[in-house]
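> Generate a structure from the sequence data that follows.
(chains A and B)
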Amino acid sequence: MSEDVKNQTGGDDTIAPPASRRRLIPFNVALVLPAQLTVMAVVVVPTLIVLWLALTDWQPTQGVPWWQADMIWFWNFVDLWYDERFTNAVWRTLFVVAVCIVIELALALGLALLFVEEWWWKRVAVSIIILPMMIIPVDAANAFFMLFNDLGPINHLISIVTGEPFQFSWLSHPTGAMVPIMLCEIWQWTPLMFLMVLTGLMSLPQNQVRAAIALGASPARIFRRIMLPLLSPVIGIAVLIRSIETFKIFDPVYILTRGQPGGATETISMYMYNGAFVYFRMGYIAAAALIVLVLVVSICLAMSRSLKRYS
Amino acid sequence: MTDFGSRLNRRTLLKGSAATLAAYSVSPMLIGRAQAQGADLANVHEYAAATAKELAGGRSITLTILQPSGSLGNVKPVADEFTKATGINFDYVEVPMGEINQKVLLEAVSKSGAFDLALPATFGVPDMVESGILVNLDEYAKKHQPADYQTDSLFTVGDYYKGSLYGYQTDGDTYLMFYNKAWLEDEAEQKGFADATGMTLQVPETWEELDAMMAWFHRPDEGKYGGALFRTQYFIAWEWWGRFHAKGFYPFADDMTPQIDNDAGVAALEELIAASKHQYPGARTNGLFENFEAYGEGDKFANIGWGGTQKYLHSDKSKMKDQMAFGNMPGGMVDGQLLRTPYFNWGWNYVVNAQSTEPEIAYLFSLFACSPAMSTIAVRDPAGYFDPTRPAHYSDQSISDTYSASFLEAHRASMKDSIPDLYLKGQGEYFDELRVAIAAADSGTKTAAKALSDCASAWTRINRRMGRDSQQEQWLFLKSKYPSDVRDRLK
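Residues are numbered from 1 along each chain as shown, chains lettered A, B, ... in the order given. Model prediction:
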């Protein structure tokens, strides 16, 4: 091709690329690529930064940018291993999750069973039950702070019921302080569990239940042998979601005790908040966050695997 | 032409005339500067304002001050005086008292220059220095600060880090004791106490005496309580710090090995735990202001606090007004002799942001604000919380009316001999571990020995992270600043 012809046709640029090159980014891939890149940017990149930070002792107050932080390799993990506050916070959080989820599930199941049948003010009652869930967590925690104060209504109520003057420092007692924290969490989030279980109950196939009734099975037996197995996938999902959420418990702890006394109510979120935002130990807390992430993912995988097998 | 005539030609004559003229025109300035540098303490505020005005050179300048909430009443009257003298204006950014050090530290990340001056809590200054936020004031001080400016102030240890000046103390936050005077002077109580303990009922000199008195007066059935000493996690460590020092030990050895878990530390903690039984019911949950109110009810024997505590207790809101005796924080008997360790555990420092576009003017304002004349105006504010730091404050009638003469007498003695707080990089982390350990022991989840041993291990890890050599350098500097009679007796 002469130069003139090339110029007239616009040169090589106007020639269509070969088929092999066109297939480098297929149309369907091109469609999802922006979303994938966004996910990469908001998930993968921060995760890589956290991984990097976990191997450094970076504190923003050192006056150097994070990418210039000194590498200390695995010292953060070694320190965490010996950090009793961290390990205690993890165990304490798992305890809170276990207790809260069991109680929330029991209450949610009980309530949901009451609401399966239609009755005239059911909708109003459901609205009232789910109200706590709509309150800002800090406000809910503040209400519990007032209730469980030394001079608050709980001590007063116990005094009236028992007929004896009752004085107990709920919020400064190493074990007693966990009670208002967990009660606050249960009070606020049982409604969510209730809604999920109720939805599951209402969508259960009725044939088997009717058949069992016709055969004279007792309500308890119907619940245990028919409804509960059918409901287990929904319960599993509800437990999974609430476990993940409860693991991150922060507001009630911050408002009620801030982890006091002596770290007796310090959960993992509270521990990390102090480390990262009070003492700016970003590297150390990044390492702690990674450990917690691995732990939570492992627990969730185990739960979802058993859920799948059961389903 | 003579030699003289050969040198005195027209050019040299003109040069000489010009030089003479220039010297005359500049001389008032030079004389002024020379006078200012030689300015005595009494007029340093005038010098600081004049020099700042000269530096501003007629430009429109606004300095921004980052300050703890509630301190506006202390800061603004002084800033207004500065504005009147210099034409330099001020913006005030208030942040919650407990968060100001974090806000200042965040400047290390943002480098925004959003404030020129800040008033952080003194114990946070080392972290700020290490993060590069603060201007080293040595050169400015050499240029502008009168020789006796710092020696006149009763507590300046927190102004320095590794030997360099980084700020000026503006609040005399030494820890003091408050006692129910009527109970102390009750003859029947005095006799009963002496019979029961063999001790004299008077303002206690040692922790042992104080503990015995709190135990003696603790009669909940009669609505009387031994004390209102803090038992909340944030405040509890300071009492232990005093008890521990009074047993004759530094918290670190010279090589930075923590000594807090030695026998003296454990004994101090066990004594603190024993004393917890003789506090009022709200001691474990009440914070600072609740403590004022609780002690102000008049049914408790002892309390601990600062000048701010006295401002409340000496007001009409309190039943304890004019009903108190005061004392330094108790000491201890070491080698058969009384060791007094009053303790300066808070305070606010004027510091200059390294990102400020007018660091010298900001420094000059600090010099102005902390001068005897201007700081007296600041301390006078009855609603603020800057307490006396200079002799001039103690002779001011208005300040005396606010605090009472008897309190000021105890305050001055305590300020003069106070041991410093732990002014090390990472002070917050060291103290956080200590607070958790002491609160854990006090609430019974750990033994005193285990709690302090865990804390010492945590401190060792903090030392390693912060850099042991760097920490040691500051620790040895800090040790050298303990009051000399205390320094000689601590191990």
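> Give me the below-cutoff pLDDT ranges for the chain.
All of this refers to chain A. Within chain A, the stretches with pLDDT under 70 are A:1-23, A:310-311.
> wrong one, I was asking about chain B
Under the criterion pLDDT under 70, the flagged ranges of chain B are B:1-38.
> at 90 what do you get?
For chain B, applying pLDDT under 90 flags the ranges B:1-40, B:97-99, B:106-112, B:281-282, B:284-289, B:381-384, B:465, B:485, B:488.
> Could you list which residues are in contact with whichever residue of it sits closest to chain A?
Residue of chain B nearest chain A, by C-beta to the nearest C-beta: B:A440 (2.7 Å). Yep, even glycine has a C-beta here, placed from its N, CA and C like the rest. Counting by C-beta atoms under 8 Å, 6 or more residues apart in numbering or on different chains, B:A440 touches A:P174, A:P261, A:G262, A:G263, A:A264, B:K446, B:A451.
> swap in A:P174?
A:P261, A:G262, A:A264, B:A440, B:S443, B:G444, B:T445.
> Does the fourth one belong to a helix, a strand or coil?
Secondary structure, DSSP: H, G, I helix; E, B strand; the rest coil: B:A440 is helix.
> same question, the last one
Assigned by three-state DSSP, the conformation of B:T445 is coil.
> Now do it: how many residues are near it, please.
Counted by other C-beta atoms under 10 Å in any protein chain shown, the residues lying close to B:T445 total 17.
> got the contact list for it?
Applying C-beta under 8 Å, 6+ apart, the residues near B:T445 are A:P174, A:P261, A:G262, A:A264.
> Now the nearest residue to it once chain neighbours are set aside: phi and psi?
Nearest non-adjacent residue to B:T445, counting by C-beta to C-beta, 6 or more residues apart in numbering or on different chains: A:P174, 4.6 Å away. A:P174 has phi and psi values of phi -60, psi -30 when expressed as degrees, to the nearest 10.
> separation between B:E185 and B:L201?
Distance, B:E185 to B:L201, by C-beta to C-beta, to the nearest Å: 8 Å.
> More neighbours: which of the two?
Set B:E185 next to B:L201 and count neighbours by other C-beta under 10 Å: B:L201 wins out with 22 against 12.
> wouldn't that one be in contact with B:M214 here?
No: counting by C-beta atoms under 8 Å, B:L201 stays clear of B:M214, with 12.0 Å between them.
> Counting neighbours, what do you get for residue 260?
Chain wasn't specified; assuming chain A. By the criterion of other C-beta under 10 Å, A:Q260 has 27 neighbours.
> Correction: the question concerned chain B.
26.
> so it sits in a strand?
No: looking at B:I260 with three-state DSSP, it is coil, so not inside a strand.
> Determine which residue lies closest to the centroid of chain B.
B:G347 (3.1 Å; C-alpha atoms, centre = their mean).
> from memory it sits against B:T122, does it?
Yes: counting by C-beta under 8 Å, B:G347 touches B:T122, with 3.9 Å between them.
> which residues are in contact with both of the two?
B:G158, B:Q169, B:D173.
> what about the nearest residue to A:F194 once chain neighbours are set aside, is that helix, strand or coil?
Nearest in space to A:F194, with sequence neighbours left out and distances taken as C-beta to C-beta, 6+ apart, is A:A108 at 4.1 Å. Of the three states, A:A108 takes helix under three-state DSSP.
> With B:S112 instead?
coil.
> Check the gap between B:N180 and B:M213 for me.
Distance, B:N180 to B:M213, by C-beta to C-beta: 10 Å.
> what's the overlap in contacts for the two?
With C-beta under 8 Å, 6+ apart, B:N180 and B:M213 have common neighbours B:F301, B:A302.
> Neighbour count for those two, which is higher?
B:M213 (27 against 23).
> how about that one, secondary structure?
At B:M213 the chain is in helix, as set by three-state DSSP.
> how about it, what does it touch?
B:F193, B:M199, B:L201, B:P204, B:G226, B:F301, B:A302.
> at 10 Å instead, please
B:M213 makes contact with B:179-180, B:183-184, B:189, B:193, B:197, B:199, B:201-204, B:226-227, B:278, B:301-302, according to C-beta atoms under 10 Å, 6 or more residues apart in numbering or on different chains.
> Quick check on these: which are buried?
When the contacts of B:M213 are checked for burial by 16 or more other C-beta atoms under 10 Å in any protein chain shown, the buried set is B:179-180, B:183-184, B:189, B:193, B:201, B:203-204, B:226-227, B:278, B:301-302.
> ok, those vs B:N328, which is closest?
For those, the residue nearest B:N328 by C-beta to C-beta is B:V203; the value is 9.0 Å.
> could you say which helix or strand contains that closest one?
Under DSSP states H and E, no helix or strand contains B:V203.
> what's near enough to touch it?
With C-beta under 10 Å, 6+ apart, B:V203 has these contacts: B:177, B:179, B:181, B:184, B:209-210, B:213, B:325-328, B:330, B:410.
> Now which of those would you call buried?
Buried subset of these (neighbour count, 16+ other C-beta under 10 Å): B:177, B:179, B:181, B:184, B:209-210, B:213, B:325-328, B:330, B:410.
> As JSON lines, those with secondary structure and distance to B:S395 would be great.
Converted to JSON lines, the buried ones among the contacts of B:V203 look like this (DSSP: H, G, I helix; E, B strand; the rest coil; distance: C-beta to C-beta, whole Å):
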{"residue": "B:M177", "secondary structure": "strand", "distance to B:S395": "24"}
{"residue": "B:Y179", "secondary structure": "strand", "distance to B:S395": "25"}
{"residue": "B:K181", "secondary structure": "helix", "distance to B:S395": "24"}
{"residue": "B:L184", "secondary structure": "helix", "distance to B:S395": "28"}
{"residue": "B:E209", "secondary structure": "helix", "distance to B:S395": "32"}
{"residue": "B:L210", "secondary structure": "helix", "distance to B:S395": "30"}
{"residue": "B:M213", "secondary structure": "helix", "distance to B:S395": "33"}
{"residue": "B:A325", "secondary structure": "strand", "distance to B:S395": "22"}
{"residue": "B:F326", "secondary structure": "strand", "distance to B:S395": "18"}
{"residue": "B:G327", "secondary structure": "strand", "distance to B:S395": "22"}
{"residue": "B:N328", "secondary structure": "strand", "distance to B:S395": "21"}
{"residue": "B:P330", "secondary structure": "coil", "distance to B:S395": "28"}
{"residue": "B:A410", "secondary structure": "helix", "distance to B:S395": "16"}
